[in-house]
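> Let's see this in three dimensions:
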Amino acid sequence: MERSAMKKYSAMAGTLGLILAAAGLLIYYVQAVWQWQNIVPLALGGALLVFYLVFNLKEVLAFITSRGALQTANALVMCVLVLGLLGFANYLAGKHTWRKDTTAAKQFSLSDQTKKILSALKEDLRITAFYQAGEQDRVTDQFKEYASVTPKFQYEFIDPDKKPDMAKRFGVTAYNTTVISYRGQDEKITTATEEDLTNAIIKVTRDKKKKIYFTTNHGEKALDSDERLGMSAAQKSIKDKNYEIGTVSLIDTAGVPSDCSVLVIAGAQTPFLPPEIEKVKTYLNKGGAAFLLLEPEPAPAFSEILADYGVQANNDLIIDASGIGQLFGAGPDMPVVTAYSKHAITEKFGSFMTAYPSTRSLTLMSEKPAGVTTDAFANSSPNSWGETNMDELKSGRVSLNVPPDRRGPLPLAVAVTKSAADGSSTNGSSSSRLAVFGDSDFATNYLFGFQKNGDLFMNVVSWLAEEEDLIAIPPKNPEDRRISLDAASSKIIMLVSLFLLPLAAFGTAIAVYVKRR
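Sure thing, here's the model as predicted:
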C-alpha cells in the first residue's frame, strides 16, 4: 500500500520534473549563460525525474522496448536525419550563394555599369553602414547584390546608438549613413540607391579630381546664385560628383587653363571677342571638351566655333504644339522631349522627360569637317516648328509658315566628337568633345529638378569629361502589370465568380447528399 502511494506521488513528481527541467532550459536559452535562475529549476527537475524513475523503472523499460516506442524512435531518427540534411544543405547554400532576379524588368539586378566598376576593384572596398537594427533590412539586399559580383566588396552594419564611438570615429551624425572606404579615402552617402552607391565608389577609387571651368564676363548664368535663373543647383550636383569647379574670364587669361577638363559657356548674352573665340578653338583643337548652352537671338550663336564641328545654331524659337508643356503649366514655347537617340549621354534615360523653355533649334550640316561625328540626341516633337518671325513671337500669335519656318522634329541638343588636330592634349585625350544645347534655362535652379533635366546636364558633363561611368543610373520602376478589362469582360468575371461558381459548389453538395440518401 505504501509503495502504491509512492508510485502515485512519483507520477506527480515526474510531471513536475519535466516542467521544471523545461523551464530551466528555456531560461538558459534566453539568458545564454548559466545562472542560478536556470540552474535551480533544472537541478530540481532532474531530481524529480530520478525520483520518478526509481518507482517506475519497470514501466519505463517496458515502454522503451515496446513496438510503439520503437516506431516512434525510428520516426524521431528519420526526422533528425532529414533535419541534418536540410541543415547541411542550408550551410552549403550559405557558402555558395546563387541569386536570380525573376522580375520582368530586372528590378533587383545591378546595371552593367556597376558590375564593370566592381570587377575593376584592385583592393578591398569596405562599406560601413550606420543603421538602427530595425532599418538594416532596407539595404541588405542591395549590399548582397554588390557583394555577389566581387568578394572585394565587404560590408558591415553598425547601430550608432549601440556604438556611438564608431559613429564619432567616422564622423557620422545622421542615421542611415553609409561610409565607403577605399585606399584611405572615405565617402559618405545618406541614400543607398544603386546610383548613389556606385557613384560614391567611383569617387573613392578615382585617382584625381577633374576640374570644370565656367566662363564669365558675358552675362552667363550665375554659378553661385540661388535665384530662379541661377545655377547653384547645378554647381552642387557637379561637386557631388567629386568634380572641382572654377571660373575663367578668357579676356584676362592667356588661354583656357591647362587643368580644364570641361569648359562650360552657360547662356552668354554678349558675343565673345575674336581673341576669346580663338582661345576656345585652340583648347578644343588640342583635345579639350566644351559645353555650350545657348539662348535664342539676340544671344550669340557661336557660329565661328560651331562651324568647325558641323553644327549651326538657327535664329528661331522652337514652338511645340503637342500640348505636353501645357500639362506642366508652360506654354508652347517650352518643348518637352520624351524620346532620345541612342547615345552614351542618354542610353539609360528610357522615356523620362526633359524640358527646354525658349530654345533655338540646331542644324547638323550635311557636309561635315573631316574627323567630325555628330549626334542630335534630343529633338523636339513632330508637332513643333522653328518660328522665325520675331514680330509674331512678340504678339503671342504664332503660326507655321514654311519657309522660312522649319517643321519638327528639330534638334535642340547635339553631341560632337572630333579628332584632335594637335595629336593629344595635356589631359591625354586624342579627340575633342563638344555638347551644344539651344537653351541654357533647362539647367537653372527652377528647372534643374524637373523630371530628368538635372540628370541630363550631369550626364553631359560626365561624357565631356570622358567619365561615362558617372552617367546617371535611373531608378528601375516596377513594371505596370495590371490587366485592363472592357465592360463585357468585367461582367463575365463578376457573373462567374459571384454566381456560377457558388451555384456549382451548392449543386454538387446537393447531388452528393441525394446520392447518399
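> ok, which stretches of the stretch 151-300 of the chain are strands?
With DSSP state E, counting those that start in this stretch as the criterion, the stretch 151-300 of the chain has strands at 153-158, 177-182, 185-189, 211-215, 244-248, 260-266, 289-293.
> Given the second one, what are its sheet partners and their directions?
What that stands for is strand 177-182. Take DSSP bridges as the rule and strand 177-182 pairs in its sheet with strand 125-130 (antiparallel), strand 185-189 (antiparallel).
> For those, please prepare TSV with the additional fields mean neighbour count and distance to Glu466.
Quick note: C-beta positions are derived from backbone N, CA and C, even for glycine. Shown next, in TSV, are the strands paired with strand 177-182 (neighbours: other Cβ atoms under 10 Å; distance: least, Cβ to Cβ, whole Å):
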stretch	mean neighbour count	distance to Glu466
strand 125-130	21	23
strand 185-189	16	21
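> So for Leu57, which of these sits nearest?
Nearest of these to Leu57, taken as Cβ to Cβ: strand 125-130 at 59.0 Å.
> Out of the strands of the stretch 151-300 of the chain, which gets the lowest mean score?
Here the lowest mean pLDDT among those goes to strand 185-189, at a mean of 89.
> Restricting to C-alpha, output that one in CSV.
What follows is strand 185-189, C-alpha atoms only, in CSV (Å, rounded to 0.1, in the frame of the first residue of the first chain):
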residue,chain,number,x,y,z
GLN,A,185,39.6,57.7,-48.8
ASP,A,186,36.1,57.9,-47.3
GLU,A,187,32.9,59.0,-49.0
LYS,A,188,29.5,59.3,-47.2
ILE,A,189,26.1,58.9,-48.6
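> Could you check how far that strand is from the centre of its chain?
Distance of strand 185-189 from its chain centroid, counting by Cα atoms, centre = their mean, to the nearest Å, is 17 Å.
> List the contacts of that strand.
With contacts defined as Cβ atoms under 8 Å, 6 or more residues apart in numbering, strand 185-189 is touched by 170-172, 177-180, 196-197, 200, 203-204.
> Now tabulate these in CSV and tack on distance to Asn445.
Converted to CSV, the contacts of strand 185-189 look like this (distance: Cβ to Cβ, whole Å):
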residue, distance to Asn445
Phe170, 32
Gly171, 29
Val172, 30
Thr177, 27
Thr178, 28
Val179, 30
Ile180, 29
Asp196, 22
Leu197, 27
Ala200, 25
Lys203, 24
Val204, 29
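> And those, which is closest to Leu434?
The closest of the contacts of strand 185-189, once distances to Leu434 are taken by Cβ to Cβ, is Lys203, at 26.0 Å.
> contacting residues for the nearest residue to that closest one once chain neighbours are set aside?
If you skip the residues right next to it in sequence, Lys203 has Asn242 as its closest partner in space, 4.1 Å away by Cβ to Cβ, 6 or more residues apart in numbering. By Cβ under 8 Å, 6+ apart, Asn242 lies in contact with 202-203, 206, 209.
> Mind checking which of these land in helices?
202-203 (DSSP state H).
> on that earlier part again, gap between the residue nearest to Lys203 and Val262?
The spacing between Asn242 and Val262, counted by Cβ to Cβ, to the nearest Å, is 14 Å.
> what do you get for Pro411?
Distance, Pro411 to Val262, using Cβ to Cβ: 21 Å.
> what does stretch 299-307 rub up against?
Applying Cβ under 8 Å, 6+ apart, the contact partners of stretch 299-307 are 218, 265, 267-272, 277, 280-281, 284, 290, 292, 294, 312-313, 315, 360, 436.
> Dump that stretch to CSV, restricted to CA.
The C-alpha trace of stretch 299-307 is given here as CSV (Å, rounded to 0.1, in the frame of the first residue of the first chain):
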residue,chain,number,x,y,z
ALA,A,299,22.3,86.0,-77.7
PRO,A,300,25.4,84.9,-79.6
ALA,A,301,25.2,81.7,-81.7
PHE,A,302,29.0,81.0,-81.6
SER,A,303,28.9,80.2,-85.3
GLU,A,304,32.7,80.6,-85.5
ILE,A,305,33.2,77.7,-83.2
LEU,A,306,30.3,75.5,-84.3
ALA,A,307,31.2,75.6,-88.0
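> so how far is it off the chain centroid?
Distance, stretch centre to chain centre, for stretch 299-307: 37 Å (Cα atoms, centre = their mean).
> per-residue confidence averaged over it?
Mean pLDDT, stretch 299-307: 95.
> Next, the buried residues of stretch 272-287.
Residues of stretch 272-287 classed as buried: 272, 276-277, 279-281, 283-287 (neighbour count, 16 or more other Cβ atoms under 10 Å).
> Where does the prediction get shaky in the stretch 201-350 of the chain?
For the stretch 201-350 of the chain, residues meeting the criterion pLDDT under 70 lie at 350.
> now the helices for it?
According to DSSP state H, counting those that start in this stretch, the stretch 201-350 of the chain carries its helices in the segments 232-240, 274-285, 303-306.
> For those, could you give me a markdown table that also reports distance to Pro404?
Putting these into a markdown table (distance: least, Cβ to Cβ, whole Å) gives the following:
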| stretch | distance to Pro404 |
| --- | --- |
| helix 232-240 | 34 |
| helix 274-285 | 27 |
| helix 303-306 | 18 |
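> so which of those gets nearest Asp141?
That would be helix 232-240 among those, by Cβ to Cβ, at 25.0 Å.
> what's the offset of that closest one from the middle of its chain?
18 Å.
> How about stretch 336-355?
For stretch 336-355, the distance to the chain centre is 17 Å (Cα atoms, centre = their mean).
> what's the nearest residue to Asp405 if we skip its chain neighbours?
Leaving aside its sequence neighbours, Asp405 sits nearest to Trp385 (Cβ to Cβ, 6+ apart; 5.0 Å).
> That neighbour - that's part of a strand, no?
Yes. Using DSSP: H, G, I helix; E, B strand; the rest coil, the assignment for Trp385 is a strand.
> Report the beta-bridge partner residues of the spatially closest residue to Thr346 that is not a sequence neighbour.
Leaving aside its chain neighbours, Thr346 sits nearest to Tyr340 (3.8 Å; criterion: Cβ to Cβ, 6+ apart). According to DSSP bridges, the partner residues bridging Tyr340 are Ala378.
> so how many other residues sit close to Tyr340?
Summarising burial for Tyr340: neighbours were counted as other Cβ atoms under 10 Å, giving 22.
> circling back: for the residue nearest to Asp405, name its beta-bridge partners.
Judged by DSSP bridges, the bridge partners of Trp385 are Ile319, Arg407.
> okay, now it: neighbour count?
Residues within reach of Trp385, counting by other Cβ under 10 Å, total 25.
> Of the helices of the stretch 201-350 of the chain, which is nearest Asp252?
Closest to Asp252 of the helices of the stretch 201-350 of the chain is helix 274-285 (Cβ to Cβ; 10.2 Å).
> Which other helices and strands does the closest one contact?
Other elements packing on helix 274-285 under the criterion 3 or more Cβ pairs under 8 Å, 6 or more residues apart in numbering; DSSP states H and E are strand 260-266, strand 289-293, helix 303-306, strand 431-437.
> For the shortest one, could you pull out the residues that count as buried?
The one in question is helix 303-306. Applying a neighbour-count criterion of 16+ other Cβ under 10 Å, one finds 305-306 buried in helix 303-306.
> Contacts only, for Val414.
Going by Cβ under 8 Å, 6+ apart, Val414 touches 311, 362, 364, 374-377, 435-436.
> Just send the contacts of Asn242 back as a markdown table, with neighbour count and distance to Ala370 too.
Formatted as a markdown table, these follow (neighbours: other Cβ atoms under 10 Å; distance: Cβ to Cβ, whole Å):
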| residue | neighbour count | distance to Ala370 |
| --- | --- | --- |
| Ile202 | 20 | 35 |
| Lys203 | 20 | 38 |
| Arg206 | 15 | 34 |
| Lys209 | 13 | 34 |
